[in-house]
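Student: the following block contains a protein sequence and its predicted model.
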Amino acid sequence: MGHEHHDHTHGANKRTLLISFLVITVFMVVEVIGGLLTNSLALLADAGHMLSDSISLLIALVAFTLGERAANYGKTYGYKRFEVLAAVINGATLLLVSLYIFYEAYHRLADPPEVASTGMLIIAVFGLLVNIVVAFIMMRGGDTKGNLNMRAAYLHVLGDLLGSVGAILAALLMIFFNWIWADAVASVLVAILILISGWRVTKASIHVLMEGTPNNVDLENVVHVMKSVKGVESIHDLHVWSVTSGQNVLSCHITVDGQMTVEESQQLLREIEHQLTHENIGHVTIQVETAQNNQHEDSVLCQKEYEKEGHDHHHGHSH
């Protein structure tokens with residue numbers, strides 16, 4: 001069931017990304033031309049953001065396509081991690097774009113150039129409409145909560161949307177109050193937005209690459225659930241990580257009573273697997289041991305559990 005659902009959202013994500021990519025890329029070209037013709041940095045900043053958008057959507061598309069490739073002896077997880085790498089590249093691109101806009105705005109504030117504000121206003125309004133349409137398509141068609149790649153792309157679009165609002169406000173201030181500095185200020189606000197979303201995406205992706213515990217998994221809860229299954233005496237070498245968005249993996253060793261039959265231990269494993277699906281863990285690898293053949297002296301979980309419970313370590317060490 002879970003696998004079918006994953007395939008379905010995967011297809012929907014891909015379709016959504018393709019439509020969004022085409023719409024945004026076309027409008028980005030319009031905005032670059034408009035920004036150059038009207039001499040508006042706010043428009044060019046928004047176009048810069050859109051460029052990183054369109055790159056991020058393209059990377060996300062490539063990531064989804066590569067992720068479909070089957071696993072092989074060289075890459076036993078297939079290419080699923082490419083999606084996370086894509087999100088890192090994406091985040092880093094955003095950080096660079098924002099720094100460039102800060103640099104450019106600084107020069108413009110010192111010496112504000114003439115900007116064709118009416119043309120800027122018209123293009124910015126179009127930009128806002130385009131972003132609203134794309135954000136709506138992504139919300140309806142894609143998994144913007146669970147999929148890191150999809151979320152990164154969606155955040156870009158929301159940032160763009162705010163960028164267009166900034167450009168519209170700047171154009172209005174220039175038309176009605178002749179505040180020529182408004183263009184540079186609007187571009188700085190866009191750059192701050194880009195910087196924040198870039199930082200978030202990069203941080204989340206690096207967490208996955210560092211095999212960090214997935215955000216939607218509560219490790220203490222996982223331990224509690226496993227220990228509450230009848231027959232489990234202790235747990236060691238517990239590792240939980242994610243291969244890519246929405247694919248969480250767990251591996252550990254459990255100690256059981258030496259009298260347990262093979263059939264009983266199989267039943268025990270099935271029960272643990274079933275319980276862990278409710279904890280957002282879809283793939284489980286467990287090594288079953290009896291207390292006699294258990295030799296894990298430096299297991300992180302082992303030490304922590306016993307420190308917490310105030311026991312001596314059960315191997316005769318007190319940590």
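Tutor: Good, I have the coordinates.

Student: which residue lies farthest from the center of the protein?
Tutor: Largest separation from the mean C-alpha position in the chain: Gln259, at 45.7 Å (C-alpha atoms, centre = their mean).

Student: quick check: phi and psi on it?
Tutor: phi -80, psi -10 (degrees, to the nearest 10).

Student: residue contacts, it?
Tutor: Under the criterion of C-beta atoms under 8 Å, 6 or more residues apart in numbering, the contact list for Gln259 is empty. All C-beta spots, glycine's among them, are computed from the backbone N, C-alpha and C.

Student: do you know the pLDDT at it?
Tutor: Looking at Gln259, its pLDDT is 81.

Student: give me the distance between it and Arg270.
Tutor: Gln259 sits 19 Å away from Arg270, going by C-beta to C-beta, to the nearest Å.

Student: name the residues of stretch 192-212 that come out as buried.
Tutor: Buried residues in stretch 192-212, counting neighbours by 16 or more other C-beta atoms under 10 Å, are found at Leu193, Ile194, Leu195, Ser197, Gly198, Val201, Thr202, Ala204, Ser205, His207, Val208.

Student: apologies, that question was intended for stretch 162-171.
Tutor: Leu162, Gly163, Ser164, Val165, Gly166, Ala167, Ile168, Leu169, Ala170, Ala171.

Student: now do the strands in the chain.
Tutor: Along the chain, counting by DSSP state E, strands occupy 232-244, 247-256, 283-290.

Student: is it possible to get CSV of those strands that adds distance to Glu68?
Tutor: Putting the strands of the chain into CSV (distance: least, C-beta to C-beta, whole Å) gives the following:
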stretch, distance to Glu68
strand 232-244, 12
strand 247-256, 13
strand 283-290, 18
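
Student: make TSV from the ones you listed and add distance to Gln275 and mean pLDDT to it.
Tutor: Shown next, in TSV, are the strands of the chain (distance: least, C-beta to C-beta, whole Å; pLDDT from 0 to 100):
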stretch	distance to Gln275	mean pLDDT
strand 232-244	11	89
strand 247-256	11	91
strand 283-290	10	90
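
Student: avg pLDDT for stretch 207-214?
Tutor: 89.

Student: for it, what is the distance to the chain centroid?
Tutor: 11 Å (C-alpha atoms, centre = their mean, to the nearest Å).

Student: please apply the same query to stretch 156-176.
Tutor: On the basis of C-alpha atoms, centre = their mean, stretch 156-176 sits 26 Å off its chain's mean C-alpha point.

Student: can I get the CA coordinates of that stretch in CSV?
Tutor: Extracted in CSV, the C-alpha atoms of stretch 156-176 (Å, rounded to 0.1, in the frame of the first residue of the first chain):
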residue,chain,number,x,y,z
HIS,A,156,11.2,29.3,-4.0
VAL,A,157,7.9,30.1,-5.6
LEU,A,158,6.4,31.6,-2.4
GLY,A,159,9.6,33.7,-2.1
ASP,A,160,9.0,34.8,-5.7
LEU,A,161,5.4,35.7,-5.0
LEU,A,162,6.6,38.0,-2.2
GLY,A,163,9.3,39.4,-4.5
SER,A,164,6.6,40.4,-7.0
VAL,A,165,4.6,42.1,-4.2
GLY,A,166,7.8,44.0,-3.3
ALA,A,167,8.4,45.1,-6.9
ILE,A,168,4.7,46.3,-7.2
LEU,A,169,5.0,48.3,-4.0
ALA,A,170,8.3,49.8,-5.1
ALA,A,171,6.8,50.8,-8.5
LEU,A,172,3.8,52.4,-6.8
LEU,A,173,6.1,54.4,-4.4
MET,A,174,8.1,55.6,-7.3
ILE,A,175,5.1,56.6,-9.4
PHE,A,176,3.2,58.4,-6.6
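
Student: domain parsing for the protein?
Tutor: 10-210, 219-290 (the TED database).

Student: what sits against the residue nearest to Ile194 when sequence neighbours are not counted?
Tutor: The shortest distance from Ile194 to any non-neighbouring residue, by C-beta to C-beta, 6 or more residues apart in numbering, is to Ser98 (4.0 Å). Contact partners of Ser98, counting by C-beta under 8 Å, 6+ apart, are Ala191, Ile192, Ile194, Leu195, Gly198.
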